[in-house]
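Peer 1: Using only what follows, build the 3D model:
(chains A and B)
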Amino acid sequence: MTAAVVLTPVSAPVADHVLVVALDGALDYTNAERLRQDVEAALGEEHRELVLDLSGVNFCDSTGIRILLSVRKLIQERNGAVTLASLNARLARIFRVTGLISAFIVVPGLAEAVDAVSARSTPR
Amino acid sequence: MVDHRRQWPITDDLAALRENIQRYAVQAGLTGPRLDDLVIAANEAAINVLEHGGGAGTLAISCDGGVLAVDVADHVGVLRPGAVPSERPSGRGDRGFGLWLMGELCDSVTIDRVPGQSTIRLSMQVDDGAADGDAASLGRSAHPV
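Peer 2: As a prediction, this is how the structure comes out:
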């Protein structure tokens, strides 16, 4: 089995309803379900926005994307969105080919992710 | 350049399998986005075996005449030639999604079926402009790496 993807909470200048988590490892068929459980466990009731820093993720297969889509569904039910930061070339490729890149907000880095969630949270 | 065939069992150690595929493909001259495409596609073929193909099989890789081929065989033999969808299936959970993805990523995907075994072949033309020059002709006389 591929080693479990490690979740690390990231302290970032964001509002309380935003959860920022860094993922490390390779996300595939053998460990994707575990990641779903870990992300769901990390989400508090107050969280309606999720930012995933993927700079430490070197691989993601179709099963991994499926799991991220199920996490997205959970966040959407809270009227929020999932922001993905720092995809490497291999991750960007599978997200683009599958067309699922449009299901997420994809930004180059964590700073841009913080800007994106802050902009969405500002009352108009 | 490598031109000898290598083979590994498909187990739940997908990370090791991907490393083996990548190492071979790099030595064969595949680089950049096409290397990514082959590794993603081969991983999808392997998880198809784990998920739908009886849970065990073998992955073999070879390079002949400038074409890198990955053969992924299960021990079930249900998958039929012509099963690769040309359009993206709506359901992401079925076997068709992975097959469609392989078709998008590789130069060609073919399926060969004999009783008790289906084999998916993923083929990638190796770029002639690779760092090791005329790799195909050099490879046959070179020592295996």
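Peer 1: Please make it C-alpha for all contacts and neighbour counts, starting now.
Peer 2: Fine.
Peer 1: Tell me how many other residues crowd residue A:103.
Peer 2: When neighbours are counted by other Cα atoms under 10 Å in any protein chain shown, residue A:103 registers 14.
Peer 1: Equivalent analysis for residue B:32, please.
Peer 2: That count, for residue B:32 with other Cα under 10 Å as the rule, works out to 10.
Peer 1: now do residue A:37
Peer 2: Neighbours around residue A:37, by other Cα under 10 Å: 12.
Peer 1: What does the pLDDT read for it?
Peer 2: Per-residue pLDDT puts residue A:37 at 97.
Peer 1: which other helices and strands contact the top helix by length along chain A?
Peer 2: Ordering each helix of chain A by length in residues (DSSP state H) puts helix A:62-76 first. Counting contacts by 3 or more Cα pairs under 8 Å, 6 or more residues apart in numbering or on different chains; DSSP states H and E, helix A:62-76 packs against helix A:32-42.
Peer 1: Buried residues, the longest helix of chain A. List them.
Peer 2: Buried positions in helix A:62-76, judged by neighbour count with 16 or more other Cα atoms under 10 Å in any protein chain shown: A:62-69, A:71-72, A:74-75.
Peer 1: next one: it to chain centre, how far?
Peer 2: 9 Å (Cα atoms, centre = their mean, to the nearest Å).
Peer 1: Mind exporting the C-alpha coordinates of it to CSV?
Peer 2: What follows is helix A:62-76, C-alpha atoms only, in CSV (Å, rounded to 0.1, in the frame of the first residue of the first chain):
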residue,chain,number,x,y,z
SER,A,62,-8.3,9.1,-10.9
THR,A,63,-9.2,7.6,-7.5
GLY,A,64,-7.6,10.6,-5.8
ILE,A,65,-9.5,13.0,-7.9
ARG,A,66,-12.7,11.1,-7.1
ILE,A,67,-12.0,11.6,-3.4
LEU,A,68,-11.2,15.3,-3.8
LEU,A,69,-14.6,15.6,-5.7
SER,A,70,-16.4,14.0,-2.7
VAL,A,71,-14.7,16.5,-0.4
ARG,A,72,-15.8,19.3,-2.7
LYS,A,73,-19.3,18.1,-2.5
LEU,A,74,-19.2,18.3,1.3
ILE,A,75,-17.8,21.8,1.1
GLN,A,76,-20.4,22.9,-1.5
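Peer 1: mean confidence for it?
Peer 2: Mean per-residue pLDDT for helix A:62-76: 96.
Peer 1: Partner strands of the following helix or strand past it, with direction?
Peer 2: Using DSSP states H and E, the helix or strand that follows helix A:62-76 towards the C-terminus is strand A:82-85. Note on strand A:82-85: by DSSP bridges, its sheet partners are strand A:49-60 (parallel), strand A:105-107 (parallel).
Peer 1: how much space is there between residue B:35 and residue B:112?
Peer 2: 24 Å (Cα to Cα, to the nearest Å).
Peer 1: Which one's more surrounded, those two?
Peer 2: For residue B:35 versus residue B:112, neighbours defined as other Cα under 10 Å are more numerous around residue B:35 (19 against 16).
Peer 1: In contact with that one, which residues?
Peer 2: By Cα atoms under 8 Å, 6 or more residues apart in numbering or on different chains, the contact set of residue B:35 is B:22, B:25-26.
Peer 1: And residue B:78, by the same measure?
Peer 2: B:53, B:113, B:116-118 are the contacts of residue B:78 under Cα under 8 Å, 6+ apart.
Peer 1: In TSV: those, plus pLDDT, secondary structure and distance to chain A.
Peer 2: Formatted as TSV, those follow (pLDDT from 0 to 100; DSSP: H, G, I helix; E, B strand; the rest coil; distance: Cα to the nearest Cα, whole Å):
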residue	pLDDT	secondary structure	distance to chain A
B:53	89	coil	14
B:113	96	strand	25
B:116	94	coil	24
B:117	95	strand	22
B:118	96	strand	21
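Peer 1: Counting neighbours, which of those residues comes out on top?
Peer 2: Counting neighbours by other Cα under 10 Å, residue B:118 leads the contacts of residue B:78 with 24 neighbours.
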